Each structure stands twice: as structure tokens, then as C-alpha cells.
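S.K.: Here's a sequence, model it:
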Amino acid sequence: MSKRSADILYNALIERIMCGDLRSGDVLSEVALAAESGLSRTPVREALQRLRRENVLGPGPRRTLVVRNMARSDLRVLFEALGEVEGICAKLATQRMSEGDICALERIVTEGDDFPENFNDINARFHAALHAGARNPVLQDVLRDLQLRSLPLRAMQFRLKEGRVQTSQDEHRQIAEAIRDRDAGRAERLMVMHVAATLQVVLEIDLAWAEQ
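M.R.: Alright, predicted model coming up:
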């Protein structure tokens with residue numbers, strides 16, 4: 001029961017990070033989370049330590065944990081790796097996705113045309129569809145680790161950068177069109193550029209925060 005409770009809390013915290021409810025630098029207290037969730041401290045501790053092992057959380061004041069904030073040099077290295085792996089995944093998805101898979105991907109893109117408030121969810125589903133379409137579980141494991149490290153940063157781009165939803169949606173559409181055309185090289189290049197654009201937004205936000 002404790003493990004199941006820890007898994008539920010872990011997934012809930014990931015969701016809060018994805019939707020922007022938890023941001024880089026936010027403090028997470030085991031005691032406060034236990035009171036908030038109605039759980040004992042054991043599953044809360046397990047969920048928090050799992051997030052720390054996955055580098056989503058780092059050490060905070062007075063034995064708390066914080067949503068990780070990264071140095072600019074570390075951000076560049078992280079997103080460089082993420083872009084290359086995502087690019088390979090897009091290339092393989094172009095070659096391996098079925099017609100039904102591509103139609104499902106295009107439906108996700110269409111959902112984003114109205115620029116809904118839950119664009120973080122659409123963005124996550126778009127990338128997940130490509131990861132699944134690559135048909136490579138090793139790549140998916142690598143991507144999961146990289147995504148967990150970058151999740152708080154990727155989530156904040158839509159909330160804090162005006163126009164980013166529009167540009168991200170345009171980038172998604174171009175990638176989906178390349179996949180529809182079975183142009184693996186173009187899909188890979190566009191995905192690398194898409195992740196690079198996200199890094200640029202994250203660096204702009206980080207600089208704005210530093211100047212405040």
C-alpha cells in the first residue's frame with residue numbers, strides 16, 4: 001500500500017510540475033506534503049527521494065527538497081543531449097510509424113490549433129507519440145531521464161514566454177508534415193531545431209529572472 005501511495009504522489013507531483021503549479025526553486029517539505037495529501041510520511045519520503053534520484057529535485061534549506069534550477073552551462077548541455085536524442089527519435093518515427101500512428105499524431109497537432117490552456121499536455125502527448133513511434137525502448141528510457149531533468153524548465157516556457165505556444169505549435173505542425181512526407185532527415189532537423197528553440201526561451205526567462 002505504501003508503494004502504491006508513493007507512486008500516486010510521485011505522478012501527482014510530476015503533473016504539477018508539467019502544468020506549472022510547481023516551478024524551479026519551489027520548496028517541497030515532507031511534513032507539508034504529508035499533511036496536504038493525507039498520507040503518512042513514509043510514502044511521501046519515497047516519492048520525494050525518487051524525484052531526487054531522477055534529478056528533478058535537489059537539496060533545499062532545512063532538510064527540504066527544491067525543484068531543481070540549473071546553471072546556464074548545464075542547461076545548454078542538457079538540451080543539447082535532449083535535442084539530439086529527440087531528433088533521432090523523430091527520424092526513426094518517420095520510418096516506422098504506421099498510417100494510423102501518423103493520423104493520431106496529426107490529431108494531437110490539430111488539438112493545439114485553439115491554443116488551449118493545457119498546451120503543456122498537448123506538447124507532452126505530441127512528443128510521447130513520436131517516442132512510441134520510434135519503436136525503440138532503449139531510446140525511450142534515455143529520453144525519459146532527459147525529460148525528467150528538463151521537465152520544470154520545459155513546462156514554464158508556455159506560461160512565461162508570450163507567443164511560445166504559437167511558435168511551438170507551428171514547429172509541431174512542421175515536424176508532423178515531415179513525418180507525413182516520410183522525410184526522415186527533415187523531421188530530425190526540425191526536431192533538433194524545436195528543442196533548440198525551447199532552450200533559447202528557457203535561457204531568456206532565466207536571464208530575465210536574474211535581472212529582477
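S.K.: contacts, neighbours, all on C-alpha from now
M.R.: OK.
S.K.: which residues touch V165?
M.R.: Counting by C-alpha atoms under 8 Å, 6 or more residues apart in numbering, V165 touches F115, F119, F158.
S.K.: change it to 6 Å
M.R.: F158 (C-alpha atoms under 6 Å, 6 or more residues apart in numbering).
S.K.: Tell me if it really is in a strand.
M.R.: No - per DSSP: H, G, I helix; E, B strand; the rest coil, V165 lies outside any strand segment and is helix.
S.K.: From L75, how far out is it?
M.R.: Applying C-alpha to C-alpha, to the nearest Å, the value for V165 to L75 is 21 Å.
S.K.: same question, A178
M.R.: Counting by C-alpha to C-alpha, the gap from A178 to L75 is 28 Å.
S.K.: Ok, L57 next?
M.R.: Separation of L57 from L75 (C-alpha to C-alpha): 15 Å.
S.K.: just G185 next, same as before
M.R.: Computed as C-alpha to C-alpha, the G185 to L75 distance reads 26 Å.
S.K.: Quick check: phi and psi at N123.
M.R.: Per-residue torsions, N123: phi -60, psi -40 (degrees, to the nearest 10).
S.K.: Next, work out how far apart it and Q169 are.
M.R.: 8 Å.
S.K.: Then R50?
M.R.: Applying C-alpha to C-alpha, the value for R50 to Q169 is 32 Å.
S.K.: Give me the more crowded residue out of those two.
M.R.: Ranked by neighbour count (other C-alpha atoms under 10 Å), R50 and Q169 place Q169 first, with 21 against 16.
S.K.: tell me which element the more buried one is part of?
M.R.: helix 164-180 (DSSP states H and E).
S.K.: quick one: average pLDDT of the lengthiest helix in the chain?
M.R.: When the chain is parsed with DSSP state H, its longest helix is helix 184-211. The pLDDT scores in helix 184-211 average 87.
S.K.: Report the inter-axis angle for it versus helix 164-180.
M.R.: 170 degrees (axes from the mean of the first three to the mean of the last three C-alpha atoms, to 10 degrees).
S.K.: With that, I have no additional questions.
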